[in-house]
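>>> please work out how this folds:
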Amino acid sequence: MFTLHCTQKLRDRIKADLAPPEPSDTLLGNWYATVLFWKPQAALLVSENTLLPVLMPLAPAATLARRFPTQLALVLKAHGVGADTIAQEIWCMAEVAYAKTANRSVVGMLNEFSFLADCWRPRFGEDLVVLSQRLAETPCGPLRKGPISPDRALWEVMNAGA
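Numbering: from 1, shown residues only. A predicted model of the protein is given here:
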């Protein structure tokens, strides 16, 4: 079980019922998401625990949460996370609740990653997994007293959970 905290722009597209945020059963915690108005449109999701960014196609928006674990698995595999750990994380994501955004630091990182993704997309192409990996190398202010970047935070969380 995890909560997907959606920006207003994304909530307007998915039209999901909102619920109070629940604690997550996953290693990566709850997720924050927004829409990127590219052609074709994309969704940007960021882990609340590690700030790991995941880009994926938005359409069809109504199935975003159901498709998200598959895209997350691709991104985790690209980061070198083991198959057993990925399977456990995906298994824990069987249920999702939608909520409004609540953590301003994570929303700020959504905005920063959106800007950087726009800048890097011409250089790294349309491969959303590669672009997600590149974004994960970005030093992030909320992580400054620890792992510095989401890719390092991912390793800390995955190694602590092993």
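>>> going by C-alpha atoms from here, please, whenever you check contacts or count neighbours.
Noted.
>>> buried ones in the lowest-mean-pLDDT helix or strand in the chain?
When the helices and strands of the chain are scored by mean pLDDT, DSSP states H and E, helix 150-161 comes last with a mean of 88. Neighbour counts using 16 or more other CA atoms under 10 Å place Pro150, Asp151, Arg152, Ala153, Leu154, Trp155, Met158 of helix 150-161 among the buried residues.
>>> which two in those are spaced the farthest apart?
Pro150 and Met158 (11.9 Å; CA to CA).
>>> from the chain's centroid, how far away is the helix ranked longest in the chain?
Longest helix in the chain, counting residues (DSSP state H): helix 104-124. Relative to its chain's centre, helix 104-124 lies at 12 Å (CA atoms, centre = their mean, to the nearest Å).
>>> helices or strands up against that helix?
Here helix 104-124 touches strand 31-36, strand 42-47, helix 128-136, going by 3 or more CA pairs under 8 Å, 6 or more residues apart in numbering; DSSP states H and E.
>>> if we use 10 Å, what do you get?
With contacts defined as 3 or more CA pairs under 10 Å, 6 or more residues apart in numbering; DSSP states H and E, the packing partners of helix 104-124 are strand 31-36, strand 42-47, strand 53-57, helix 128-136.
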